[in-house]
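1. Next come a sequence and a model predicted from it.
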Amino acid sequence: MISHGGIKREVGTPQPQDTWNRFRKYIQERPANLKQPRKFGSLSSEADSGILSEGDVSNDGVSIQAVTVLASDPSKEVQVAYAVGGLGTQAPPRSNLAMQFSHPNGWLSSQVYSNFIVSTIRQRLLKNVSGEVTYVGHQDYFKTALDISSPATKTQYNVEHETQNNQLSLSCVQAVAPGLEVGIKGFAFNNDHDTGVSVKARYSPDDTSVYTASLSHIGSQESKNRTNFRGSFYQKVENDFSVAGRIDYDVDKKSSSYEFGVVREATNAVYKVTADSDYNLKANLTMKFGTATQMEILMDSQPLDHQYKFGFGFVLTS
């Protein structure tokens, strides 16, 4: 089943990885690519055009990752992953140990990096109320969230607070028609004395397409106000072929950027190519051998920065 932000799931249940992103990329300083429950509220996801912004080859050297599932019951799944990257270079290797336990009413995950730890816990508190807390050790950073849903009115509410910039946000998502959702989010950065509002609409009639449009405005006391528009789309053209695109427009600067990509999925391979407005071209080929081994070949061309990178890797799972 394809999961690109258009499939709703009950709070606390894992979200399958994107069909074209189910294989691990080179290890980066971010949580391991384990299955994560989708963020509460469809409009809160920025991955509607899931094939974009992938295929980064920013790491040099050799990277290794192993993933294992320790529990056979899908409702009580335990995953453990270990990854090490940057082998064979002058820089110290990067390592990451990730663990996640999922159960019907929530999940707990931890990622231990070379120099810090990231932990997240999500729990259903009441029938239609869930809470989430994230902690980043090296920054003493906390993020807390409270989600409330109203099935009768098909409305979702979210309250979030982040210690970084002392940010507080409130949002509401309303299903107004089959496949159509609209939402509004207000936020304030107390450290910068900035306030803002974002309005977004999302239309996903089925598993094969997602269209979004959003308009955000940030009012600042210390700098010029900022207004931005973003539109994106995802469309499955055939059973094994998908296209996606994203465009951003800065109203104040009158500048725009865009990114487009195509993906073809074969029986044991996934081909992906993306290009953006800065003339960057990224290509990704992932091949699967048997049930436990994948090989990935990556190419990243950034002509404006005079950077051309190439890499390959293997992923072993059990």
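-> Structure's in. What do you need?

2. going forward, measure contacts between C-alpha atoms and count neighbours the same way
-> Fine.

3. Now do the buried residues in stretch 117-126.
-> Ile117, Val118, Ser119, Thr120, Ile121, Arg122, Gln123, Arg124 (16 or more other CA atoms under 10 Å).

4. among these, which are in strands?
-> Ile117, Val118, Ser119, Thr120, Ile121, Arg122, Gln123, Arg124 (DSSP state E).

5. Next, the contact list for the fourth one, please.
-> By CA atoms under 8 Å, 6 or more residues apart in numbering, the contact list for Thr120 reads Leu108, Ser109, Ser110, Glu132, Val133, Thr134, Tyr135.

6. Of those, just say which sits nearest to Val173.
-> The closest of those to Val173 turns out to be Glu132 (CA to CA; 18.1 Å).

7. Please look at the closest one and Ile148 and confirm they touch.
-> No. The pair Glu132 / Ile148 is not scored as a contact, 11.8 Å apart, by CA atoms under 8 Å.

8. Need the max-distance pair from the contacts of Thr120.
-> Checked with CA to CA, those reach their widest spread between Ser110 and Glu132, with 13.5 Å between them.

9. contacts for stretch 140-151?
-> Applying CA under 8 Å, 6+ apart, the external contacts of stretch 140-151 come out as 40, 128-136, 155-164.

10. okay, now Lys127: neighbour count?
-> Counted with other CA atoms under 10 Å, residues neighbouring Lys127 total 10.

11. how close does it sit to Tyr82?
-> Note on Lys127: its distance to Tyr82, by CA to CA, to the nearest Å, is 35 Å.

12. mind listing what the helix or strand harbouring Ala244 pairs with, with the direction of each?
-> Element membership of Ala244, judged by DSSP states H and E, is strand 241-250. Based on DSSP bridges, the strands next to strand 241-250 in the sheet, each with its direction, are strand 226-238 (antiparallel), strand 255-265 (antiparallel).

13. Go through those strands and name the closest to Gly183.
-> Of the strands paired with strand 241-250, the one closest to Gly183 (CA to CA) turns out to be strand 226-238, at 14.3 Å.

14. Flag every buried residue along the closest one.
-> Going by neighbour count (16+ other CA under 10 Å), the buried part of strand 226-238 is Thr227, Asn228, Phe229, Arg230, Gly231, Ser232, Phe233, Tyr234, Gln235, Lys236.

15. just how off-centre is it within its chain?
-> Between the centre of strand 226-238 and the centre of its chain there are 15 Å (CA atoms, centre = their mean, to the nearest Å).

16. contact partners of it?
-> Contacts for strand 226-238 (CA under 8 Å, 6+ apart): 48-50, 208-219, 242-252.

17. how about low-confidence regions in the stretch 101-250 of the chain?
-> For the stretch 101-250 of the chain, the stretches flagged by pLDDT under 70 are 114, 139, 191-192, 221-223.

18. Which stretches in it count as strands?
-> Assignment of strands within the stretch 101-250 of the chain using DSSP state E, counting those that start in this stretch yields the ranges 106-113, 117-126, 129-136, 141-150, 155-162, 167-177, 180-189, 194-206, 209-219, 226-238, 241-250.

19. In a markdown table, list the ones you listed along with distance to Thr293.
-> Converted to a markdown table, the strands of the stretch 101-250 of the chain look like this (distance: least, CA to CA, whole Å):
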| stretch | distance to Thr293 |
| --- | --- |
| strand 106-113 | 23 |
| strand 117-126 | 27 |
| strand 129-136 | 32 |
| strand 141-150 | 36 |
| strand 155-162 | 39 |
| strand 167-177 | 40 |
| strand 180-189 | 39 |
| strand 194-206 | 32 |
| strand 209-219 | 30 |
| strand 226-238 | 27 |
| strand 241-250 | 23 |
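
20. how near is the closest residue to Phe189 other than its chain neighbours to Tyr141?
-> Distance criterion CA to CA, 6 or more residues apart in numbering; nearest residue to Phe189, sequence neighbours excluded, is Gln167 at 4.5 Å. Here the distance between Gln167 and Tyr141 works out to 12 Å (CA to CA).

21. more crowded one of the two?
-> The residue with more neighbours, out of Gln167 and Tyr141, is Gln167; 19 against 13, by other CA under 10 Å.

22. just checking, that one touches Asp194?
-> No. The pair formed by Gln167 and Asp194 falls short of the contact definition of CA under 8 Å, at 9.4 Å.

23. quick one: common contacting residues for those two?
-> Going by CA under 8 Å, 6+ apart, residues that sit against Gln167 and also against Asp194 are Ala188.
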